[in-house]
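K.L.:
next come a sequence and a model predicted from it.
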Amino acid sequence: MKPDKHRPTVGIFKFASCDGCQLTLLDCEDDLLAVAGAVDIRYFPEASRNIGKGPFDIAFVEGSITTHHDADRIQQIRRQARILIALGACATAGGIQALRNWHDSGEYVRQVYAKPDYISTLKTSTPVAEHVPIDYELRGCPVQKTHFLEIVCALLTGRRPQLPLASLCIECKRKGNTCLLVASSEPCLGPATQAGCGAICPAMGRACYGCFGPHENANAPALAKRFREDGMSEPDLQRAFRTYNAWAWQFRKASEEVET
Amino acid sequence: MKPAAPPVAAQSGQAHAGSARVTVETIARIEGEGALHVRLKGERIQDLRLEIPEPPRLFEAFLRGRRAEEAVDITARICGICPVAYQMSAAHAIERAWGIAIDPQVRALRRLLYCAEWIESHALHIYFLHAPDFLGYQDAFEMAAKYRPEVERALRLKKLGNTIMRVLGGREIHPVSLRVGGFHHVPSKRDLQPLLEELKWGLEAACETARLVNTFPFPNFQLDYEFVALWHPDEYPLNEGRIASSLGLDLDVEAFEEHFLEQHVRHSNALHSVLRERGSYHVGPLARFNLNCGKLPPRAREVARECGLEPPVRNPFRSIVVRAVELAFACEESLRLIGGYEPPARPCAPYQRRAGTGVAATEAPRGLLFHRYTIDETGLILSSKIVPPTAQNLKRIEDDLWGYLPQILDAPVEEITWRAEQAIRNYDPCISCATHFLKVRVTHEE
């Protein structure tokens, strides 16, 4: 990306999600006006009435793909975007709504809506990368604002973004937290989870629940084995891996091994 | 400061005389996505629909078979703007089902956490989502060119709410400290002390905000709403209370579903709530203020008086002023809560899981949020019901537009559109919540 003169055009798009990742961008209170000045925000309906058209240098995509319409829309966005960044657990792993992927989604719709015929939805909730190639992903439910700022700065200056890729344990050790898994046999997902949140749950004495999803080399089934040895029931084991990143393959594998 | 003239949009070139078609693809500056379709014939509205295409996420379906304790974190994911509201309603409902009594200091801390969310959410809506309508800007970034100090004030207020959230909950969105029975972790008195200075500034800034938005030009429009909000004998409502209405409803939360009904309409993936007897109703800051303004603490009450707010406030456009008064309330209340805080002996009450049903309603920034859970003897959720504030306001918003649009139909199409959006934004709608919005299309018929 050219460092000067040219302000990159940015679009921020929403699919099935809670809006929390977009809000994280607005939560960059100290840097928001600087960022908004350094880029040309063309499409950000949550914040602006200016509804501009592509192409976009950078497209941030929040949310998972759950409808036919959205499956088409993500293709259009990809065609218009030079760099596409998946934002948060819904976009990178299908989100909590991916729990439908193991169930009869028709039955799910009937459960919630009085007139299911009015509802048009896909049987699955899937991450953006299952539909189009993506260039970067920011993990988390929600994403970290420091990661968002890092990726924006990196793209503006033409360097590679530096984002944490190790397991949460690294971050947790650095903070000096007592290990919940080792010291008190708490079912902590930290060993299989990607760092980035600042180990906020273990810092509160609470086991990590994996909202940043599995890190690249995560061995989730091995962690499941450890939980089992510590006395966790099979259904609880399955629930532990089936939350906000349930459809990420490492967590999926661990949870499906429970079923058999 | 003198407000700019009300938004005068570029002429669309399509005259209002006779029949024409107006299309706006996306209603911006709301949380989530939706559309408004208006069909006009001459100066009469033929049809009007708030369309909610936001994809359904089916929370009530996948909550079945989850541990009741998990509902606190799972339902937070319905809304990134008001996760604390979901966490609170879920925790309270389950505590009610299991008969858990909450330590008074835990209760105070929960109230503080809720205030933090109100500060963040109200500052965001007042300055970033709604004020640009009154001042004639597309967004707050544009507004910052002329109103830089005000936008910076907004960001500092937002940051204040977020800072409290981070101290209590570990992070700004989907905080991780709240649990059934209390908290995973509670702060020390020393953790909270550094917040006091900024909260004192926040209270002044909120009062300034109220004075500023009170100078905005308000359309001359008011309706006889039925206002519905929590009511508490001793405090401005947040976490608990009876459900009250301006037409005399006074219910235990248990009775909510006997009086309120969710309807499924074709054009919306969000259900519409109505009062069984009387149809649409109004939840949110106006309702809370009109039913509870006597409970506001002194500074918030004073600034309300200064702004000429007398209950009942029935002009929905003035909700921005009420929201600013509530922003002052949330700062003032936070100061009081921190002043009286002593860490509870136990962050979390011991409890036993059992079969039962529990309900709770709390006041999300946008209004009443109802949860019900039925739980089996092992602590798993059998069924649940979640009624978010925006679902309760959707029918009301449609009804407002039926009343309001005829006043402005002689304006150019672009302006009708913008005004319609502004009227929708009076409710700070959160479509992510409601589907668990916005394209505007105005069509003139031959």
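P.N.:
It's in.
K.L.:
interface residues of the stretch 101-250 of chain B facing chain A?
P.N.:
Applying the criterion Cβ under 8 Å from any Cβ of the partner chain, the portion of the stretch 101-250 of chain B that neighbours chain A consists of B:124, B:128-129, B:132, B:138-142, B:144, B:151-152, B:155-156, B:158-159, B:162, B:170-174, B:176-177, B:184-185. Yep, even glycine has a C-beta here, placed from its N, CA and C like the rest.
K.L.:
name the helix or strand for the residue nearest to B:Gly169 when sequence neighbours are not counted, please.
P.N.:
Residue nearest to B:Gly169 in three dimensions, not counting chain neighbours: B:Pro175, with 2.3 Å by Cβ to Cβ, 6 or more residues apart in numbering or on different chains. According to DSSP states H and E, B:Pro175 maps onto no helix or strand at all.
K.L.:
contact partners for B:Pro175?
P.N.:
With contacts defined as Cβ atoms under 8 Å, 6 or more residues apart in numbering or on different chains, B:Pro175 is in contact with B:83-84, B:87, B:113, B:165-166, B:168-169.
K.L.:
let's go with 10 Å and repeat that
P.N.:
Applying Cβ atoms under 10 Å, 6 or more residues apart in numbering or on different chains, one finds that B:Pro175 lies in contact with A:200, A:204, B:73, B:76, B:83-84, B:87, B:113, B:116-117, B:165-169.
K.L.:
how about the helices in chain A?
P.N.:
Using DSSP state H, the helices of chain A run over residues A:20-26, A:32-38, A:68-80, A:88-93, A:105-112, A:145-157, A:168-175, A:180-184, A:200-203, A:220-229, A:234-241, A:249-259.
K.L.:
for the residue in chain B that chain A sits nearest to, grab phi and psi.
P.N.:
Residue nearest to chain A within chain B: B:Gly80 (2.1 Å; Cβ to the nearest Cβ). The main-chain torsion angles of B:Gly80 are listed as degrees, to the nearest 10 and equal phi -80, psi -10.
K.L.:
distance of it from B:Arg156?
P.N.:
If you measure B:Gly80 against B:Arg156 using Cβ to Cβ, to the nearest Å, the figure is 21 Å.
K.L.:
between the two, which one's more packed in?
P.N.:
For B:Gly80 versus B:Arg156, neighbours defined as other Cβ atoms under 10 Å in any protein chain shown are more numerous around B:Gly80 (28 against 16).
K.L.:
ok, that one - contacts?
P.N.:
Contacts were defined as Cβ under 10 Å, 6+ apart; by that measure B:Gly80 touches A:17-24, A:27, A:62, A:88, A:141-142, B:31-32, B:172-174, B:430, B:432-433.
K.L.:
apply 7 Å and report the result again.
P.N.:
Counting by Cβ atoms under 7 Å, 6 or more residues apart in numbering or on different chains, B:Gly80 makes contact with A:18-21, A:23, A:142, B:173.
K.L.:
okay, it and B:Glu258: tell me how far apart.
P.N.:
As for B:Gly80, its distance to B:Glu258 is 32 Å (criterion: Cβ to Cβ).
K.L.:
for A:Arg82, same thing?
P.N.:
The value you get for A:Arg82 to B:Glu258, if Cβ to Cβ is used, is 56 Å.
K.L.:
how about the contacts made by A:Ala220?
P.N.:
Counting by Cβ under 7 Å, 6+ apart, A:Ala220 makes contact with A:192, A:214, A:241, A:250-251, A:253-254.
K.L.:
so what pLDDT did it get?
P.N.:
The per-residue pLDDT reported for A:Ala220 equals 95.
K.L.:
now, which of the residues of the stretch 101-250 of chain B next to chain A lie within helices?
P.N.:
Secondary structure assignment by DSSP H places B:132, B:140-142, B:144, B:151-152, B:155-156, B:158-159, B:162 of those in helices.
K.L.:
narrow those to just the buried residues.
P.N.:
With neighbours counted using 16 or more other Cβ atoms under 10 Å in any protein chain shown, those contain these buried positions: B:132, B:140-142, B:144, B:151, B:155-156, B:158-159, B:162.
K.L.:
would you mind listing what in the stretch 51-200 of chain A touches chain B?
P.N.:
Taking Cβ under 7 Å from any Cβ of the partner chain as the criterion, the neighbours of chain B within the stretch 51-200 of chain A are A:51, A:66-67, A:70, A:96-97, A:99-100, A:108-109, A:111-115, A:118-119, A:121, A:141-142, A:200.
K.L.:
can you say which of those are buried?
P.N.:
A:51, A:66-67, A:70, A:96-97, A:99-100, A:108-109, A:111-113, A:119, A:121, A:141-142, A:200.
K.L.:
now A:Val10: how far from A:Pro133?
P.N.:
Distance from A:Val10 to A:Pro133, by Cβ to Cβ: 19 Å.
K.L.:
burial of B:Glu204, as a residue count?
P.N.:
Neighbouring residues of B:Glu204 were enumerated by other Cβ under 10 Å; the total is 13.
K.L.:
just checking, B:Arg96 touches B:Ala361?
P.N.:
No. Checked against Cβ atoms under 7 Å, the pair B:Arg96 and B:Ala361 is beyond contact range at 10.8 Å.
K.L.:
ok, now which ones touch A:Glu150?
P.N.:
The contact partners of A:Glu150, by Cβ under 7 Å, 6+ apart, come to A:161-163.
K.L.:
give the ChimeraX command for selecting the buried subset of those.
P.N.:
Remark: buried members of those, expressed as a ChimeraX selection using 16+ other Cβ under 10 Å:
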select /A:163
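K.L.:
wait, which of the contacts of A:Glu150 is closest to B:Pro389?
P.N.:
Of all the contacts of A:Glu150, the one with the least separation from B:Pro389 (Cβ to Cβ) is A:Leu163, at 35.7 Å.
K.L.:
for the closest one, phi and psi?
P.N.:
phi -120, psi 150.
K.L.:
for chain B, see how far away it is.
P.N.:
As for A:Leu163, its distance to chain B is 17 Å (criterion: Cβ to the nearest Cβ, to the nearest Å).
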